[in-house]
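[1] Fold the following for me, if possible:
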Amino acid sequence: MALPSTIFRLNLQLSDIDRGIYESIQTTAAQHPSETEERLVARLLALGIFYEPDLAFTKGLCATDEPDLWVVGPDGRPQLWIEVGLPDAERIIKASRHAEKVVLLACGKALTNWDQQHLPKLEKIANLTIVSIDQEFISILASRLERSIAWSVTITEKTIYLTIGDSTFETAIQIKAGSI
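    Residues are numbered from 1 along each chain as shown. Below is the predicted model:
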């Protein structure tokens with residue numbers, strides 16, 4: 001019998017000063033049994049960094065033809081396609097043909113190798129933005145992960161300030177291709 005997903009409830013107070021977005025977001029995210037806490041944290045961070053009103057989690061690892069998050073237009077075509085992690089360049093190229101805008105939050109322990117191998121193939125795609133954040137930042141948040149998550153996130157000058165309780169953590173958003 002397959003293991004069930006673990007459900008996390010997120011209360012995200014978002015202040016994205018760079019884009020003029022101030023939202024209180026309440027949602028749930030399902031962690032697939034094979035998904036690491038770091039990857040789940042990256043998906044939650046992607047929700048805040050790239051927030052748009054209709055942005056939603058997809059079936060994730062269960063659906064290989066869907067991104068981690070997306071905005072789907074009235075015609076059923078993806079308007080915004082968001083991936084997290086270190087996907088194969090061909091997957092991103094294919095997504096750029098089907099979606100109006102593609103975003104990759106590149107993160108993982110092999111990021112340096114991924115950059116060398118895949119960035120040259122992806123840098124010229126006009127509708128693609130690639131950003132990364134420090135893996136240590138993701139690991140710290142993963143170690144503090146609870147089933148009920150209350151984050152206060154402020155983004156200003158391409159820096160994320162994330163508060164959990166009395167602790168505040170910060171990291172830079174590094175733009176590798178495109179723009180936010």
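
[2] What residues does the closest residue to Leu14 other than its chain neighbours make contact with?
    If you skip the residues right next to it in sequence, Leu14 has Glu23 as its closest partner in space, 4.7 Å away by C-beta to C-beta, 6 or more residues apart in numbering. Using the backbone N, CA and C atoms, a C-beta is placed for each residue, glycine as well. Applying C-beta atoms under 8 Å, 6 or more residues apart in numbering to Glu23 gives the contacts Leu12, Leu14, Tyr51.

[3] Would you verify that Thr112 is located in a strand?
    No: in this structure, Thr112 is helix, not part of a strand, as judged by DSSP: H, G, I helix; E, B strand; the rest coil.

[4] Tell me how many other residues surround it.
    By other C-beta atoms under 10 Å, the residues close to Thr112 number 9.

[5] measure it to Gly165 for me?
    32 Å (C-beta to C-beta, to the nearest Å).

[6] tell me which element the one residue sitting closest to the centre of the chain falls in.
    Geometric centre of the chain, nearest residue: Ala46, 2.5 Å, by C-alpha atoms, centre = their mean. Using DSSP states H and E, Ala46 sits in helix 37-49.

[7] just the CA coordinates of that helix, formatted as CSV?
    What follows is helix 37-49 as a C-alpha-only set of coordinates in CSV (Å, rounded to 0.1, in the frame of the first residue of the first chain):
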residue,chain,number,x,y,z
GLU,A,37,11.5,18.7,3.5
GLU,A,38,14.0,20.9,1.5
ARG,A,39,12.0,20.5,-1.7
LEU,A,40,8.7,21.3,0.1
VAL,A,41,10.3,24.4,1.6
ALA,A,42,11.5,25.5,-1.9
ARG,A,43,7.9,25.1,-3.2
LEU,A,44,6.5,27.2,-0.3
LEU,A,45,9.2,29.9,-1.0
ALA,A,46,8.4,29.9,-4.7
LEU,A,47,4.8,30.6,-3.8
GLY,A,48,5.9,33.7,-2.0
ILE,A,49,8.6,34.9,-4.4
